[in-house]
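Novice: One predicted model, sequence on top.
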Amino acid sequence: MYVIAQPIHACRSALLGLLVGGVLAGCAAPPPASPAPNPSPINSFAPAKVTTGRLGLQFIDGTTPSVQLGFSLQGDRSQGQLVLETPFGTTLASAQWNTQQALLIRGQSQQTFTTLEALLQQELGSNLPVDALFAWINKKSAAELNAAGWVVEDAEDALRLRATRLTPAPAVRLTVVLDPTP
């Protein structure tokens, strides 16, 4: 069952997917053919490798519904684009960032933030280890996540990551499953 209770929860889950992000194991949503067009791009970089997968975020206290999303990620820590989708392939939101700003796009609405971290903090209500997630995606090493205060529960497979952060509140469990690259 996929829970997207209110628009704010859809945005929160969409952004979490940002770094890493789809659907928890067991849901097979095909990756998008290409990222959704951006009405106001802030990045002008040559096409780069696109990483697709599924992302799940569970708030351990149970007060916030769990979210599962598909994602398409292009770029790196300094500049990139993330498209977040429902398990059925409908685009919920996209985010673009560079070293000067981050832009959240939901339908025709756009919101600008000073950093990618600020965008995630506001939309998710929780800090995510942005640098560590990019390091894991690129190196398939979870060492940076442990250093960022997350407890890595499962990273044996280079395509799957499960990590938990208990403090600061809210306690969060993050699951990322990457699609295999051809």
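Specialist: That came through, no problem.

Novice: what's the spacing between residue 115 and residue 108?
Specialist: Note on residue 115: its distance to residue 108, by CB to CB, to the nearest Å, is 24 Å. Yep, even glycine has a C-beta here, placed from its N, CA and C like the rest.

Novice: out of the two, which sits in the busier spot?
Specialist: More crowded of residue 115 and residue 108, by other CB atoms under 10 Å: residue 115, with 14 against 6.

Novice: Just give the closest residue to that one, not the sequence neighbours.
Specialist: The shortest distance from residue 115 to any non-neighbouring residue, by CB to CB, 6 or more residues apart in numbering, is to residue 102 (6.0 Å).

Novice: close enough to count as contact, the one you found and residue 116?
Specialist: Yes. Counting by CB atoms under 8 Å, residue 102 touches residue 116, with 4.5 Å between them.

Novice: Common neighbours of the two, please.
Specialist: residue 95 (CB atoms under 8 Å, 6 or more residues apart in numbering).

Novice: helix or strand right after the least confident helix or strand in the chain by mean pLDDT?
Specialist: Scoring the helices and strands of the chain by mean pLDDT, DSSP states H and E places helix 7-16 at the bottom, with a mean of 42. Next helix or strand after helix 7-16 toward the C-terminus (DSSP states H and E): strand 50-59.

Novice: List the pairing partners of that following strand within its sheet, with orientation.
Specialist: Here strand 50-59 is paired, per DSSP bridges, with strand 67-75 (antiparallel), strand 172-178 (antiparallel).

Novice: any low-confidence regions in the protein?
Specialist: The chain contains residues with pLDDT under 70 at 1-47, 124-126, 140, 156.

Novice: What is the neighbour count of residue 81?
Specialist: Neighbour number of residue 81 under other CB under 10 Å is 24.
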